[in-house]
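Kindly return the folded structure for what I paste below:
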Amino acid sequence: MNNLGANIRARRHELGITQEQLSNNTGLSINYISRLEVGTANNVSAKTLSHIAEVLKTSMDKLMHGSTDEAEMGFYQKKLWQALNEMDEKQAEQVSKNVLGLINLNKK
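Got it, this is the predicted structure:
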């Protein structure tokens with residue numbers, strides 16, 4: 001979990017979220033968010049990490065172990081990924097459902 005803080009910070013920056021916004025959305029103090037990001041917060045609970053991941057629209061695994069593999073994505077995959085991350089959860093879920101429906105139509 002030594003990259004946890006860097007991964008939280010990187011994901012927060014990808015989404016354009018400040019430490020204050022992450023603090024407000026998770027109920028954690030800005031001080032704690034800062035300590036997490038610099039690696040001085042110890043014993044992060046699974047519940048806390050899960051909540052941070054939810055707010056950052058990612059998984060606990062990606063926060064602990066690394067990126068969203070964006071480097072391996074093509075141009076349009078990145079654009080779609082970015083667009084989905086900018087939407088609220090309900091909207092992103094509906095768009096994802098529609099895209100998957102189009103993919104399935106093309107397979108028939």
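
Outline the domain layout of this structure.
Following automatic domain parsing, one finds the domains of the chain at 4-65, 70-107.

Comparing these, which comes out most buried?
Mean neighbours per residue, mean count of other Cβ atoms under 10 Å, is largest over those for domain 4-65, with a mean of 16. In this view, the C-beta of every residue, glycine as well, is placed from N, C-alpha and C.

Which helix or strand in this protein has the lowest average pLDDT?
In the chain, the helix or strand scored least confidently by mean pLDDT, DSSP states H and E is helix 75-86, which has a mean of 80.

Output the contacting helices and strands for whichever helix or strand comes after it.
Counting by DSSP states H and E, the next helix or strand C-terminal to helix 75-86 is helix 89-107. Helices and strands touching helix 89-107, by 3 or more Cβ pairs under 8 Å, 6 or more residues apart in numbering; DSSP states H and E, are helix 75-86.

Now do the helix it packs on and helix 89-107, the angle between them.
150 degrees (axes from the mean of the first three to the mean of the last three Cα atoms, to 10 degrees).

which other helices and strands contact helix 75-86?
By 3+ Cβ pairs under 8 Å, 6+ apart, helix 75-86 packs against helix 89-107.

Brilliant, that's me finished.
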